[in-house]
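In: sequence first, then the predicted structure, then my questions.
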Amino acid sequence: MAKAIDYQPEPAKIGPDAHEELTRLLESLHQHGVLRLMNDVVGARQDIAQVLVKGLQREGTLNAIQNISVLLLALSSIPPERMYKLAFGLRDMVDALSQPGDAGEHNAPGLQGAWKMLQDEELWHALQPLLSGMKAFARRMEEPVDKPISAWSGKPSDA
């Protein structure tokens with residue numbers, strides 16, 4: 001009886017293998033100057049580090065970094081639902097402010113019109129959150145702050 005032949009044909013080549021892709025990538029990086037740039041950056045690492053350190057030591061840069069940190073701290077304390085309402089409420093407000101109104105809407109209401117506005121319950125309900133927000137803003141503006149991170153964390157500053 002004949003023995004079965006154990007033969008598996010090699011699969012057909014569909015595309016370039018990893019080595020060919022790497023060679024093509026390396027050639028492309030060379031042609032576009034990326035390799036030269038990276039070599040220059042590696043060679044000038046001390047000069048680049050000195051420029052970065054000098055730039056980071058400037059007062060304006062430190063202020064910018066601290067301001068961004070404060071904004072991120074404030075944003076992190078706002079729940080996404082409130083941020084959604086705030087962002088789209090501001091967008092709607094800007095849209096409403098930029099819409100041209102009728103000429104009659106911009107006339108002074110007069111004494112009788114002002115009296116009617118004071119009696120308008122819907123107007124007072126709409127103004128109440130704005131007035132409360134202005135009071136909270138004014139309270140925050142009156143608070144002295146030594147260092148923003150100390151005010152946020154509650155820890156005294158060691159300066």
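Out: Okay, I see it. Numbers count the residues shown, from 1 in each chain.
In: and Phe88, what helix or strand is that in?
Out: Here Phe88 sits within helix 80-98, counting by DSSP states H and E.
In: select the longest helix from the protein.
Out: Counting residues, the longest helix found in the chain (DSSP state H) is helix 121-142.
In: any weak-confidence spans in the chain?
Out: For the chain, the stretches with pLDDT under 70 are 101-106, 147-159.
In: on that earlier part again, distance from the helix holding Phe88 to the middle of the chain?
Out: 17 Å (Cα atoms, centre = their mean, to the nearest Å).
In: count of residues packed around Gln66?
Out: Using other Cβ atoms under 10 Å, Gln66 has 13 neighbouring residues. Quick note: C-beta positions are derived from backbone N, CA and C, even for glycine.
In: quick check: angle from the helix or strand containing it to helix 80-98?
Out: Secondary structure from DSSP H and E places Gln66 in helix 59-76. Between helix 59-76 and helix 80-98, the angle comes out at 110 degrees (axes from the mean of the first three to the mean of the last three Cα atoms, to 10 degrees).
In: re earlier: now for the helix holding Phe88, which elements pack on it?
Out: Here helix 80-98 touches no other helix or strand, going by 3 or more Cβ pairs under 8 Å, 6 or more residues apart in numbering; DSSP states H and E.
In: can you list contacts of the helix or strand just after it?
Out: Proceeding N to C from helix 80-98, the next assigned helix or strand is helix 110-119, under DSSP H and E. The contact list for helix 110-119, computed with Cβ atoms under 8 Å, 6 or more residues apart in numbering, reads 109, 123.
In: residues of helix 110-119 that come out buried?
Out: Residues of helix 110-119 classed as buried: none (neighbour count, 16 or more other Cβ atoms under 10 Å).
In: how far off centre is it?
Out: With Cα atoms, centre = their mean, you get 44 Å for helix 110-119.
In: go on, stretch 18-35?
Out: 35 Å.
In: could you do stretch 3-22 as well?
Out: 49 Å.
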